[in-house]
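S.K.: Here's a sequence, model it:
(one chain, ligands or ions: 1)
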Amino acid sequence: MSNLRVANKVIGKDKGKKAVSGFQGIEFLKSRGQHILKNPLLVDNIVQKAGVKKTDIVLEIGPGTGNLTIKLLEAAKKVIAIEVDPRMVIELQRRVQGTPLADNLQILQGDCIKMDLPYFDICVANTPYQVSSPLTFKLLSHNNIQPFRAAVLMFQREFAMRLVAPPGDNLYCRLSVNAQLLSRVNHIIKVGRNNFRPPPKVDSSVVRIEPRNPPPPVDFREWDGLVRLCFGRRNKTLGAIFRQKQLLSMMEENHKTVKALEKGMAAGMDASMDTSMGGEEGEDEARDVGMVCEGGVETFKQKIEEILVEGGYDQRRSSKMTQDDFLQLLALFNSKGIHFT
Ligand SMILES: C[S@@+](CC[C@H](N)C(=O)[O-])C[C@H]1O[C@@H](n2cnc3c(N)ncnc32)[C@H](O)[C@@H]1O
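M.R.: Numbers count the residues shown, from 1 in each chain. Got it, this is the predicted structure:
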C-alpha cells in the first residue's frame, strides 16, 4: 500500500469520526468542516475579489485538497497554509510537488486556533465552519501585533449576515458589534451549497474583513463584558437588564474586587504615609467601593440606575444601539468607576 493510500484513511484523533467518500479516495470529515470547493469559476472569483497582489504573503486556513491554494499560489508571492488534517497536508504536498509553485508554499500542520499565526498581508480561506467565531477574533487580535490588509473568508450564510448586520437588523448581535468595532465587514459573494463537495446543509457567503488600523482605543475584554450583558436579552431595555438582581450582584462583586485591588495598590504606594482619619466602618466600606454620595450611602442598584438615566440609556435596547452608543455607555460607566472585566 502506498503512503498516500495510508494517508487517505481516517487516522489519529479523527479515527472513528463520521466521514463521507470524497476526492481521490480521501474521506471527508464533517467534524472538520471538510466541504471542498469544486467550482473553479467561484475559486477564481474569490481570488480576484480578494485583490491578492504579486507581492503578498497570503495566509490560508484549511487548504484541504488545495483547490483554492493553487490559485492563491499563482496570484501571490507566497502562501502559508494551516491545515489540521495530515491526510490533506499530504494531498496538498502531492499536488504541488515538482511544480514551480512548491517553492512558494509553506504548510503548517496543526489547529489554527491553537497555534501562533505567522506574518501575512492578507488571509483568504474557505474556513472550517466549526471555528468561524474564534478564527475571526483570533485574526482580529493578531492585527494588534502584526497588522494585515484584509481577510476574505467563506462562512455559513447566517454567520456572515450576523457579521455585517447593522443596528436594528434582526441578526444584529454581540458578534456584529464586536466584529464591527474592530473591522469594516462587507458581504462580497453569495455561494450556493452545490459549489461544495459534499454539499453542506446551508448556503455560504464570502465576506471581506478589513481591520481598523490603528485598532480602536478600548480595552476589548471590558468592551465585550459590557456588550455581553447588554445582548443577554437583546430586546429588553437596558433599564430592565440592569435591574436584574443576579446581574447586579455579580457587577457589585466585580466592582468591589476592582476597588479592593486599586486600594491594595494605592496602599502599597502609600504605606509610609497613612493619612486615614478613621470614621464609621460601614461608611468607609461603602466609600471604598465608591458608593458614597451626598445624601449618604447609595445602593449599587441606585448608582447603576442613575448612570443609565443620566446617559439617556434607560429605555434603549441593545438591538438598536450603534458602536458609538456602546462606546459612550462604557465611557460613562468607567467614569463612575464601574468596570466590566
Ligand atoms: C471547508 S474545508 C476547505 C477546503 C479547501 N480550502 C477548499 O476550499 O476546497 C475546511 C478545511 O479546514 C481544515 N480544518 C478544519 N479545522 C481546522 C483547524 N482547526 N485548523 C486548521 N484547519 C482546519 C479541514 O481539514 C479542511 O481541509
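S.K.: Strands of the stretch 151-300 of the chain, start to end?
M.R.: 183-191, 196-197, 204-211, 292-293, 296-297 (DSSP state E, counting those that start in this stretch).
S.K.: Show me what from the stretch 1-150 of the chain comes close to the ligand.
M.R.: 32-37, 61-64, 67-68, 82-85, 88, 111-113, 126, 128, 131 (Cβ under 6 Å from any ligand atom). C-beta coordinates here come from the backbone N, C-alpha and C atoms, glycine included.
S.K.: Which among these count as buried?
M.R.: For those, a neighbour count by 16 or more other Cβ atoms under 10 Å gives the buried set as 32-37, 61-64, 67-68, 82-85, 88, 112, 126, 128, 131.
S.K.: which one of the strands of the stretch 151-300 of the chain is the most hemmed in?
M.R.: strand 204-211 (a mean of 21; mean count of other Cβ atoms under 10 Å).
S.K.: Just name whatever secondary elements it is in contact with.
M.R.: Strand 204-211 sits against helix 40-50, helix 132-145, strand 150-156, helix 157-164, strand 183-191, with contacts defined as 3 or more Cβ pairs under 8 Å, 6 or more residues apart in numbering; DSSP states H and E.
S.K.: part of a helix, is residue 124?
M.R.: No - the assignment for residue 124, made by DSSP: H, G, I helix; E, B strand; the rest coil, is strand rather than a helix.
S.K.: ok, it - how many residues close by?
M.R.: Residue crowding around residue 124 was assessed by other Cβ atoms under 10 Å; the count is 29.
S.K.: That one reaches residue 46, doesn't it?
M.R.: Yes - if you go by Cβ atoms under 8 Å, residue 124 and residue 46 touch, sitting 6.8 Å apart.
S.K.: intersection of neighbour lists for the two?
M.R.: 68, 152 (Cβ atoms under 8 Å, 6 or more residues apart in numbering).
S.K.: residues contacting the closest residue in space to residue 230 that isn't next to it in sequence?
M.R.: Take residue 230 and drop its neighbours on the chain: the residue closest to it by Cβ to Cβ, 6 or more residues apart in numbering is residue 318, 3.9 Å away. Contact partners of residue 318, counting by Cβ under 8 Å, 6+ apart, are 227, 230, 231, 234, 238, 241.
S.K.: which ones among those are found in helices?
M.R.: Taking DSSP state H, the ones among those that sit in helices are 227, 230, 238, 241.
S.K.: leaving aside the residues next to it on the chain, what's closest to the last one?
M.R.: In this structure, residue 241 finds its nearest non-sequential neighbour in residue 233, 5.7 Å apart by Cβ to Cβ, 6+ apart.
S.K.: what's around that neighbour, how many residues?
M.R.: 16.
S.K.: hey, where'd the helices end up in the stretch 201-341 of the chain?
M.R.: 220-230, 238-241, 245-270, 281-288, 300-311, 323-335 (DSSP state H, counting those that start in this stretch).
S.K.: Tell me which of those helices sits nearest to residue 137.
M.R.: helix 220-230 (8.9 Å; Cβ to Cβ).
S.K.: hang on, isn't residue 166 packed against residue 172?
M.R.: Yes - using Cβ under 8 Å, residue 166 is in contact with residue 172, at 6.5 Å.
S.K.: Report the beta-bridge partners for residue 105.
M.R.: Residue 105 forms beta bridges with residue 79, as assigned by DSSP bridges.
S.K.: which ones are touching it?
M.R.: Contacts of residue 105 by Cβ under 8 Å, 6+ apart are 69, 73, 78, 79, 81, 92, 96.
S.K.: Then the fifth one would be within a strand, right?
M.R.: Yes - residue assignment for residue 81, taken from three-state DSSP, places it within a strand.
S.K.: And the pLDDT at the residue of the stretch 51-200 of the chain found nearest the ligand?
M.R.: Nearest residue of the stretch 51-200 of the chain to the ligand: residue 62, at 2.1 Å (Cβ to the nearest ligand atom). At residue 62, the pLDDT value in this model is 98.
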